[in-house]
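Enquirer: Structure here, sequence nowhere to be found:
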């Protein structure tokens, strides 16, 4: 009798282990990968900082200002965020050298903006859109 009740338990344990293993595999994803249904409703801004100062990046719209993050000197960062407005300006604030803003840029969901911040002779940063 005991052999009959042990086997269903073993099957149940094996089945549970298999379900957990499959669930764990499905839950793994690359860092930064967005699995939300509105992933296309996001903008991506890549900032290459050629300046020697750390900078802070802000997204500016007609009704909102959102801090995206920081970029260390001589490095690059990528920021992904929700943006529902048809236009954007990017503000670049350097730790020890003031700030500047891009011109207004039209954007659509899924767009990628590549920006470079370079050292200028006048001490203010120069932001240039690549592409």
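Expert: The structure has been received and is ready for your questions. Here the structure is a predicted model, which means the values were calculated and not measured.

Enquirer: Quick check: next helix or strand after the helix or strand of the chain with the lowest mean pLDDT?
Expert: Counting by mean pLDDT, DSSP states H and E, the weakest-scoring helix or strand in the chain turns out to be helix 2-27, with a mean of 38. Counting by DSSP states H and E, the next helix or strand C-terminal to helix 2-27 is strand 42-49.

Enquirer: Return the set of buried residues in the helix or strand that comes right after that following strand.
Expert: Note on strand 42-49: by DSSP H and E, the next helix or strand toward the C-terminus is strand 55-60. By neighbour count on 16 or more other Cβ atoms under 10 Å, the buried set for strand 55-60 is 55, 57, 58, 59, 60. Bear in mind the C-beta positions are built from the backbone N, C-alpha and C, glycine included.

Enquirer: list the buried ones in the helix or strand just after strand 55-60?
Expert: Per DSSP H and E, strand 55-60 leads on to strand 65-71 as the next helix or strand towards the C-terminus. Across strand 65-71, burial judged by 16+ other Cβ under 10 Å covers 68, 71.

Enquirer: Equivalent analysis for stretch 98-107, please.
Expert: 100, 102, 107.

Enquirer: From start to finish, how long is it in a straight line?
Expert: Stretch 98-107 stretches 26 Å from its first residue to its last (Cα to Cα, to the nearest Å).

Enquirer: circling back to that earlier point, next, format the buried residues of strand 55-60 as TSV and append distance to residue 82.
Expert: Conversion of the buried residues of strand 55-60 to TSV gives the following (distance: Cβ to Cβ, whole Å):
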residue	distance to residue 82
55	22
57	16
58	15
59	10
60	15
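
Enquirer: out of these, who's nearest residue 119?
Expert: residue 55 (11.6 Å; Cβ to Cβ).

Enquirer: Contacts only, for that closest one.
Expert: Neighbouring residues of residue 55 by Cβ atoms under 8 Å, 6 or more residues apart in numbering: 47, 49, 70, 71, 92, 93, 94, 95, 117, 125.

Enquirer: Could you check how far it is from residue 96?
Expert: Here residue 55 is placed at a distance of 10 Å from residue 96 (Cβ to Cβ, to the nearest Å).
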